[in-house]
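**Student:** Build me a model:
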Amino acid sequence: MDDSKLNELNTEKHRLILKKFVDSGINLTPFILDFISNLNNPLEQANLIIKETSFIPKFNGHLTKDILKTISNDEIQRALKRLSLKEDINLPEQVSNEIDANNEKSHILQDINKKNQMNIISTIDYKEMKAESNQKNVYHEKSLEKYKSPEKPKKKELKIKPTESAKSSLAFKPIAKEYSAEYEVLKDPTGKIHTNGDYEDFYNLTIDKFNQLSELMKKRGDTFSATNINNVLRNSKSQELAVIGMVNEIRKTKNGNYFLTLEDKTGKINVIIRKDIEDQEIIKTLERTIMDQMIFVDGTYNPGEKGKKGIMFSNNLTKIDIPGDFQPEVSPDPISITLISDTHIGSKEFEENLWNRFVKFLNGKIGNKNERELAGRIKYIVINGDLIDGIGVYPNQEEDLIIKDLYHQYTKASELLSGIPEYIKIFYSSGNHEPVRNAIPRPAVPKKYIEPLISNGIKCIGNPAVIKTNNVKTLVFHGDSLIDMNQLIPGLDNNNPIETMKELLICRHLAPIYGKKTQIAPVSKDWLVIDQIPDIFHTGHIHIFGMGEYNHVPLINSGCFQSQTEFMKSFGVKPTPGVVPIINLDTLEPKPIDFKDH
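**Tutor:** Numbering: from 1, shown residues only. Prediction:
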């Protein structure tokens, strides 16, 4: 083969390798490009380098000789050793060191030996290739520019800039860094949810749930007339009465009317609501009413004859709900909170590329001016459960795992989280994939697993929890009950989690029905009652992003960072990974960022 054809093949090989790195947001010098090209199976080696550098927390996108030394590949390490023994290679010092991301202008290779120059692609070819790459990633800036050396005007050399320019990195001045983290965990079940699982525990849980919900119901002005059920049953004459009770039974009669049985601590009463009632909104409420919910009814009580129980014919039925004029608290400071969940680190389907884009966004390395400003406001991140994929959570899970050890999953999680700027406070609440009990409420993950996270200053809490950040209260609930609610109530769907979240607020309970797939621990206090109206309500679990509002309360289901597994596919779940919601605490205005488009 003549020299011209050999040079043409080498140039095309360089082109393919460089394109792989540019598409992955990694910059490299001509020397490093030449080094990789001379390896066996250079494209496979390039894929390996791209994958392993994504695990390096402090990797800034500039591939150097020192970075290559950390790659766990024998051929690369042998080649580096051979390279160090060659006396005829004299690489300038500034190329062998990592490029300082804080310098306004990157140090560029000024001179290279003839062997390297022969294999460098032309500036024109690179620009064409870069234009193709930009169609896939709008945040990649021009990485190479043509320049001519005054000593050798006929020579073309390759000038490589960082994917995110040093100038734009310097321009990133996060305002959140100027504010201290002011937070308080108002609600956390950790250490307070002991149970023996006997009858007494179940009874105490039910009584506490009734007491809390009835007190919330009684705070409404239209429920003052309510009396206990036993007082109603004592009446021997027909009269107008009202009661507060939990639904013990609900069904439609043959005629299409609704039949309910309500109970309180004094007894049970039967209620009939006719299908042709004037206010059809009540029928809509009934259609979304399930067992164990607290409701208020008023109507005409007719006592039974000849020892039969009486019955109430009702024209009105309401749930506790939150007031329509509720005004949430806001922060006096121009900072934001980011709500994520279901990263499932350790799973083969963990979307690490999307995560890395998220971290680059937090560091101001991708995005336009407005998005970098948005990133600079982020002061808090809440991870609402399922940070890791765990072990043995569902059948044949090991087939979906790339990291099959809990401790190693948390080590990997710590590495990934360490890329987040230090001024951002991170909260981590447990989910159903964590090494804690599956029944809710859940404690925080035991310290023996999460020591790397704690060492990095991450606040680990149980679930559900309420976190107050700069005056704003966020209710954090992983969302175990969402699937039960969607299966029981017509019109609710996994693909629209916001409607289900509204129902939980209306019921003022995070798992209104007992005894379905949602496991609820029989503890003496019901931690699932929404006793305080949150300023933000955050769930996860179903891997579907959703954003909305109910009575001025922002509702966020934060989606995931995991693509569809076979287990999800069996349930018909099509996840929406990489969509991250950010809420301005001073306005409670949410803004989603889809990192699949970044």
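
**Student:** any idea how the protein splits into domains?
**Tutor:** As assigned by automatic domain parsing, the chain contains the domains 3-171, 175-193+325-593, 221-319.

**Student:** which of these sits most buried?
**Tutor:** domain 175-193+325-593 (a mean of 20; mean count of other Cβ atoms under 10 Å). Every C-beta, even on glycine, is put in place using the N, C-alpha and C of the backbone.

**Student:** End to end on that domain, go ahead and measure it.
**Tutor:** 19 Å (Cα to Cα, to the nearest Å).

**Student:** What average pLDDT does that domain get?
**Tutor:** Across domain 175-193+325-593, pLDDT averages out at 95.

**Student:** just the helices in the stretch 251-400 of the chain please.
**Tutor:** 280-287, 352-362, 369-376 (DSSP state H, counting those that start in this stretch).

**Student:** Which one of those helices lies nearest to residue 400?
**Tutor:** Taking Cβ to Cβ as the criterion, helix 352-362 is the member of those that comes nearest to residue 400, at 14.8 Å.

**Student:** So which elements touch the closest one?
**Tutor:** Contacts defined by 3 or more Cβ pairs under 8 Å, 6 or more residues apart in numbering; DSSP states H and E place helix 352-362 against helix 369-376, helix 406-417.

**Student:** Save those as a markdown table, and put in distance to residue 48 too.
**Tutor:** Converted to a markdown table, these look like this (distance: least, Cβ to Cβ, whole Å):
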| stretch | distance to residue 48 |
| --- | --- |
| helix 369-376 | 30 |
| helix 406-417 | 17 |
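
**Student:** For residue 293, find the nearest of the ones you listed.
**Tutor:** Nearest to residue 293, of all these, is helix 406-417, at 37.3 Å by Cβ to Cβ.

**Student:** and the angle for the closest one with helix 352-362?
**Tutor:** Compare the direction of helix 406-417 with that of helix 352-362 by axes from the mean of the first three to the mean of the last three Cα atoms, to 10 degrees and you get 40 degrees.

**Student:** by contact count, what packs against helix 406-417?
**Tutor:** helix 352-362, helix 447-455.

**Student:** quick one: which of those is nearest residue 296?
**Tutor:** Nearest of the helices and strands packed on helix 406-417 to residue 296, taken as Cβ to Cβ: helix 447-455 at 43.6 Å.

**Student:** now for the closest one, which elements pack on it?
**Tutor:** Using 3+ Cβ pairs under 8 Å, 6+ apart, helix 447-455 is in contact with helix 406-417, strand 459-461.

**Student:** if we go to 6 Å?
**Tutor:** Judged by 3 or more Cβ pairs under 6 Å, 6 or more residues apart in numbering; DSSP states H and E, helix 447-455 is in contact with helix 406-417.

**Student:** C-terminal to the helix it packs on, what's the next element?
**Tutor:** strand 425-429 (DSSP states H and E).

**Student:** Looking at the helices and strands packed on helix 352-362, which is nearest to residue 392?
**Tutor:** Once these are compared by Cβ to Cβ, helix 406-417 is nearest, at 9.9 Å.

**Student:** Could you give the separation of the closest one from the chain centroid?
**Tutor:** The chain centroid and the centroid of helix 406-417 are separated by 16 Å under Cα atoms, centre = their mean, to the nearest Å.

**Student:** Now residue 349: closest residue in space, sequence neighbours ignored.
**Tutor:** Nearest residue to residue 349, sequence neighbours excluded (Cβ to Cβ, 6 or more residues apart in numbering): residue 563, at 4.4 Å.

**Student:** my read: the one you found touches residue 350, true?
**Tutor:** No - Residue 563 lies out of contact with residue 350 (Cβ atoms under 6 Å); the separation is 8.3 Å.

**Student:** Which parts of the stretch 101-250 of the chain are helices?
**Tutor:** Using DSSP H, counting those that start in this stretch, helices in the stretch 101-250 of the chain cover 114-118, 123-136, 166-171, 199-218, 229-233.

**Student:** That concludes my questions; thank you for your assistance.
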